[in-house]
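Engineer: Sharing a sequence plus its predicted fold:
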Amino acid sequence: LAVDDHLPNLIVLEALLGELNVTTSKALSGQKALEMIQQRIDQQAAPYDLVFMDIQMPVMSGIDTTRAIRSLESTLDTDMQLPIIALTAHALADEKQKLLKVGMNDYVTKPIQMEQIIQILTHWTKNNFAAKTIHHQPNVALEAIDPDILNWQQSVQLAANKEDLAQDLLRMLVDSFDTELAEMQQLIELEDFPQLEHVLHRLYGATRYVGTPRLQRVSGEFEQFVSMLRKERRSADDTFIQETQLRFENLHVAITEVKHTASTLLH
């Protein structure tokens with residue numbers, strides 16, 4: 001079971017697991033994941049072999065969902081305990097202990113790689129897995145493309161070496177830009193910085209599955225800047241708001257560069 005509120009993340013994870021002949025069920029929220037686990041219990045079906053759990057999700061975080069799963073397991077007569085593997089974008093030194101303390105078994109940082117998946121599955125499930133050998137022949141002319149704006153080779157690697165999937169993920173990212181920018185602009189005007197941080201985290205997460213180095217840097221640094229308010233528990237002053245607007249303009253430029261460059265590949 002793969003749990004993440006961002007569909008491209010789930011699509012990539014499903015593709016990587018598919019290379020190992022692993023069948024994946026997808027849940028776009030913690031609530032949905034709980035429902036799916038409860039449904040299997042009610043139907044007396046075999047439990048999932050393993051759960052990949054995103055940490056930052058709206059309404060019910062990965063930590064809250066894990067606690068709820070552990071609580072549910074404690075009410076059962078069986079000794080079922082699902083291996084739950086945290087998926088996190090930021091690998092902080094003290095984070096692993098925190099995640100293990102709330103009931104998770106292990107964690108990996110995004111973007112998850114095939115080697116990590118094999119290691120996790122081998123350690124936490126009954127089966128051993130070996131990736132297929134993949135032969136990739138790129139068929140797109142890339143000489144004129146700035147790899148800092150769009151690194152196609154990296155995009156294909158992140159998409160389990162599937163060029164069609166890489167194009168789909170790039171298209172999904174580009175298609176999300178207008179909505180994301182409009183939402184961010186509105187949140188800045190409303191000075192709703194906690195929600196702005198969430199939207200930036202979502203965009204940053206999407207860039208980690210497509211080779212867009214500059215956009216990834218700009219969105220990641222913007223997210224970290226906005227998160228200072230929450231971490232330092234302070235309110236936004238004029239300087240903070242001006243810096244936020246400047247970073248938003250820089251993000252807009254980076255997005256426009258990717259959109260323009262991607263159009264040559266996607267057409």
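Structural biologist: Perfect, I can see it now. Since this is a predicted model, take the numbers as computed values, not measurements.
Engineer: In this protein, what helix or strand scores lowest on average pLDDT?
Structural biologist: The weakest-scoring helix or strand in the chain, judged by mean pLDDT, DSSP states H and E, is helix 95-101 (a mean of 82).
Engineer: same for that helix, what does it pack against?
Structural biologist: Identification of packing neighbours for helix 95-101 by 3 or more Cβ pairs under 8 Å, 6 or more residues apart in numbering; DSSP states H and E yields strand 84-88, strand 106-109. Every C-beta, even on glycine, is put in place using the N, C-alpha and C of the backbone.
Engineer: CSV for these, including mean neighbour count and distance to Gln43?
Structural biologist: CSV is the format used below for the helices and strands packed on helix 95-101 (neighbours: other Cβ atoms under 10 Å; distance: least, Cβ to Cβ, whole Å):
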stretch, mean neighbour count, distance to Gln43
strand 84-88, 23, 21
strand 106-109, 18, 28
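Engineer: weakest of those in terms of mean pLDDT?
Structural biologist: Within these, the stretch with the lowest mean pLDDT is strand 106-109, showing a mean of 88.
Engineer: ok, back up a step: nearest to Asp148, out of the helices and strands packed on helix 95-101?
Structural biologist: Among the helices and strands packed on helix 95-101, strand 106-109 comes nearest to Asp148, with 22.0 Å by Cβ to Cβ.
Engineer: Adjacent strands (with direction) for the closest one?
Structural biologist: Within its sheet, and counting by DSSP bridges, strand 106-109 is paired with strand 84-88 (parallel).
Engineer: isn't there a strand covering Pro58?
Structural biologist: No. With DSSP: H, G, I helix; E, B strand; the rest coil as the criterion, Pro58 is coil rather than part of a strand.
Engineer: That one: neighbouring residues, count only.
Structural biologist: Using other Cβ atoms under 10 Å, Pro58 has 11 neighbouring residues.
Engineer: That one reaches Asp5, doesn't it?
Structural biologist: Yes. Pro58 is within contact range of Asp5, at 6.3 Å (criterion: Cβ atoms under 8 Å).
Engineer: Can you work out which residues contact both of these two?
Structural biologist: Ser29 (Cβ atoms under 8 Å, 6 or more residues apart in numbering).
Engineer: So for Asn161, which of the helices and strands packed on helix 95-101 sits nearest?
Structural biologist: Of the helices and strands packed on helix 95-101, the one closest to Asn161 (Cβ to Cβ) turns out to be strand 106-109, at 19.0 Å.
Engineer: How far does the one helix or strand Ser263 maps to sit from its chain's centre?
Structural biologist: If you go by DSSP states H and E, Ser263 is part of helix 238-266. Centre-to-centre, helix 238-266 and its host chain are 20 Å apart (Cα atoms, centre = their mean, to the nearest Å).
Engineer: Compute the inter-axis angle for the helix or strand where Leu170 lies and helix 238-266.
Structural biologist: Using DSSP H and E, Leu170 maps to helix 163-190. Note on geometry: by axes from the mean of the first three to the mean of the last three Cα atoms, to 10 degrees, helix 163-190 and helix 238-266 are set 160 degrees apart in direction.
Engineer: And the helix holding Ser263, what does it pack against?
Structural biologist: Packing partners of helix 238-266 (3+ Cβ pairs under 8 Å, 6+ apart): helix 163-190, helix 213-232.
Engineer: what sits up against the shortest one?
Structural biologist: By that I understand helix 213-232. Residues outside helix 213-232 that contact it (Cβ under 8 Å, 6+ apart) are 147-149, 151, 154, 193-194, 196-197, 200-201, 203-204, 207-208, 234-236, 240, 243-244, 247-248, 250-251, 254-255, 257-258.
Engineer: With respect to Met80, which of the helices and strands packed on helix 238-266 lies nearest?
Structural biologist: Of all the helices and strands packed on helix 238-266, helix 163-190 sits nearest to Met80, with 33.4 Å by Cβ to Cβ.
Engineer: and that closest one, which residues are buried?
Structural biologist: The neighbour-count check on helix 163-190 (16 or more other Cβ atoms under 10 Å) flags 163, 165-170, 172-174, 176-177, 180-181, 184, 187-188 as buried.
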